[in-house]
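Undergrad: build the 3D model from these lines:
(one chain, ligands or ions: 1)
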Amino acid sequence: MDLSVSFGNVTLKNPLVVASADISLNFNFFRMLVDSGVGAIVTKSVSDITQLQSASITRFRILREADEGFTMLSRGGPMLTMTKWQNHLAECLPYAHKHNTKIIGSVCCSSLKNWVEYSKIVDQSGVDMLELNLGNPHGGAADKPAGYLLGQSLDASAEVVYEVSKVVTKPVIVKLTPQVDDLVPFARAMISSGASALNVMHRYQGFRVDIEKAEPILGGWAGVGGPWMKTISLAWTSKIFNQNIGPIFGGNGVYSWQDIVEFLMSGATAVQFASVLMVHGPEQIRGMLDGLEKYLKENNYQNIKEIIGIAAKKAFTYKELNKIKEVRYINNPAVCDKCPTNFKCLDYCYFEAIKREEEQVRFLDTCNGCGLCNEVCKVPGAISQRIKD
Ligand SMILES: Cc1cc2nc3c(=O)[nH]c(=O)nc-3n(C[C@H](O)[C@H](O)[C@H](O)COP(=O)(O)O)c2cc1C
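TA: Numbering: from 1, shown residues only. Model prediction:
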């Protein structure tokens, strides 16, 4: 099946993109990523921020959460000096291009002059696209506002994008920080300043405590992400898609092929991920590609483009919520009269639409269809939904 997606004149063989992170720093890992079949790899950011170039600040902590979720707390490093980045690229680019994996060069600077200079060099180094990292959660490491601190200023980040776009020849992606009130005006400003696509979105800054030592894990604030972040990333992806602002790389919270489908259906043309590879290994990519392809075939989609944004387009705005079909829940007395949970559902109906009469529960037609009873009841065949007449 054709899984290819295009951003202007750059076509990725599939929408899976390894996000900028330490996983691609070493050529052996880089080769594994290419061999896994990914459509593109975003290189680790090249930067003028000396503090972020130091390898010794790197710290990772995987905090295991319930349901196989995790929180990835990390201070990724080291960002690359231009010389290191160029050496890294010289080693990796030919291998990637030989296997039709596109390379996206990521830039993260602190002065406008360097944004322009570094981007020019990256542009002329043979990469397929550039990504401007305007969301790095460690932005405070620079003397001038950088990373999310720069990305939070609409005027300052638009100026960077405008000045860079004027001097480069390759399409520019802007990686947005989520640490603003509303990403939509930022997305719009970046596209109107010359960006060709958006990366929705970078990570938040987080803080966790080791309660045995009474001190912060990793020594202070760090980038934070994990599968739980997906819900927020999808909200912004779908909102930006519905405003028809520009093509989107979705990301932050991708953990499985199902997550990739969710991002595509929310409006992303391609999907970036990093933590899942650091936690579960680069071999995840093959399973993600297979899962995506199988899903498309089983659901009779002819190509990937058919699903981009289909769920976002169906989303009701808050003003349209009255269009949602009215439903109610009913119960099956044959199952419920022998309830093994001692009528747990009763404790969850805040609308008094479930009544207990001796050893029986009855669902009343005052049910407003919230569905919480069905969520907490694990007894097969006990509760079902009906469209309200
Ligand atoms: C260890 C680590 C290092 C990272 N380094 C960079 C970086 O240099 N530049 C950048 O733009 N993003 C960087 N990121 C952010 C990722 O590119 C990605 O946006 C983020 O991890 C969210 O995606 P995920 O949930 O798939 O991990 C880094 C993330 C991690 C975990």
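Undergrad: return the distance of the helix or strand where Asn133 lies from the chain's centre.
TA: Counting by DSSP states H and E, the element that carries Asn133 is strand 129-134. Using CA atoms, centre = their mean, to the nearest Å, the distance from the centre of strand 129-134 to the centre of the chain it belongs to is 16 Å.
Undergrad: ok, what's across the strand from the residue positioned nearest the centre of the chain?
TA: Central residue of the chain (CA atoms, centre = their mean): Gly251, 2.0 Å from the mean position. Bridge pairing for Gly251 (DSSP bridges) gives the partners Gln272.
Undergrad: tally of neighbours for the residue in the stretch 1-150 of the chain positioned nearest to the ligand?
TA: Closest residue of the stretch 1-150 of the chain to the ligand, CB to the nearest ligand atom: Gly76 (2.1 Å). Glycine gets a C-beta too; all of them are placed from N, C-alpha and C. Using other CB atoms under 10 Å, Gly76 is surrounded by 26 other residues.
Undergrad: which pLDDT value goes with it?
TA: Per-residue pLDDT puts Gly76 at 78.
Undergrad: repeat for Leu289
TA: 98.
Undergrad: ok, now which ones touch the closest residue to it other than its chain neighbours?
TA: Using CB to CB, 6 or more residues apart in numbering and skipping the chain neighbours, the partner closest in space to Leu289 is Gly37 (5.5 Å). Gly37 sits next to 13-14, 16, 285-286, 289 when contact means CB atoms under 8 Å, 6 or more residues apart in numbering.
Undergrad: max pairwise distance over those residues: which two?
TA: Lys13 and Arg286 (14.0 Å; CB to CB).
Undergrad: so for those two, which sits in the more crowded spot?
TA: Lys13 (17 against 13).
Undergrad: that one is in contact with Asn100, isn't it?
TA: Yes. Between Lys13 and Asn100 there is a contact at 5.4 Å, judged by CB atoms under 8 Å.
Undergrad: nearest spatial neighbour of Asn133, chain-adjacent residues omitted?
TA: Spatial nearest neighbour of Asn133, chain neighbours left out: Cys108 (3.8 Å); criterion: CB to CB, 6+ apart.
Undergrad: quick check: the gap between the one you found and Glu375.
TA: 42 Å (CB to CB, to the nearest Å).
Undergrad: more neighbours: which of the two?
TA: With neighbours defined as other CB under 10 Å, Cys108 and Glu375 compare such that Cys108 has more, 30 against 11.
Undergrad: which parts of this protein are helices?
TA: Assigned helices in the chain, in chain order: 27-35, 82-98, 112-123, 148-151, 154-167, 183-192, 230-242, 257-265, 275-280, 284-298, 310-314, 333-336, 372-376 (criterion: DSSP state H).
Undergrad: mind giving me JSON lines with these and columns for distance to Lys44?
TA: Converted to JSON lines, those look like this (distance: least, CB to CB, whole Å):
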{"stretch": "helix 27-35", "distance to Lys44": "10"}
{"stretch": "helix 82-98", "distance to Lys44": "8"}
{"stretch": "helix 112-123", "distance to Lys44": "12"}
{"stretch": "helix 148-151", "distance to Lys44": "18"}
{"stretch": "helix 154-167", "distance to Lys44": "19"}
{"stretch": "helix 183-192", "distance to Lys44": "22"}
{"stretch": "helix 230-242", "distance to Lys44": "21"}
{"stretch": "helix 257-265", "distance to Lys44": "22"}
{"stretch": "helix 275-280", "distance to Lys44": "13"}
{"stretch": "helix 284-298", "distance to Lys44": "18"}
{"stretch": "helix 310-314", "distance to Lys44": "31"}
{"stretch": "helix 333-336", "distance to Lys44": "56"}
{"stretch": "helix 372-376", "distance to Lys44": "42"}
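Undergrad: winner for burial among the ones you listed?
TA: Ranked by average neighbour count under the criterion mean count of other CB atoms under 10 Å, those are headed by helix 148-151 at a mean of 26.
Undergrad: quick one: distance of that helix to the chain centre.
TA: Distance of helix 148-151 from the chain centroid (CA atoms, centre = their mean) equals 18 Å.
Undergrad: quick revisit: for the strand holding Asn133, packing partners?
TA: Applying 3 or more CB pairs under 8 Å, 6 or more residues apart in numbering; DSSP states H and E, we find strand 129-134 packed against strand 102-108, helix 112-123, helix 148-151, helix 154-167, strand 172-176.
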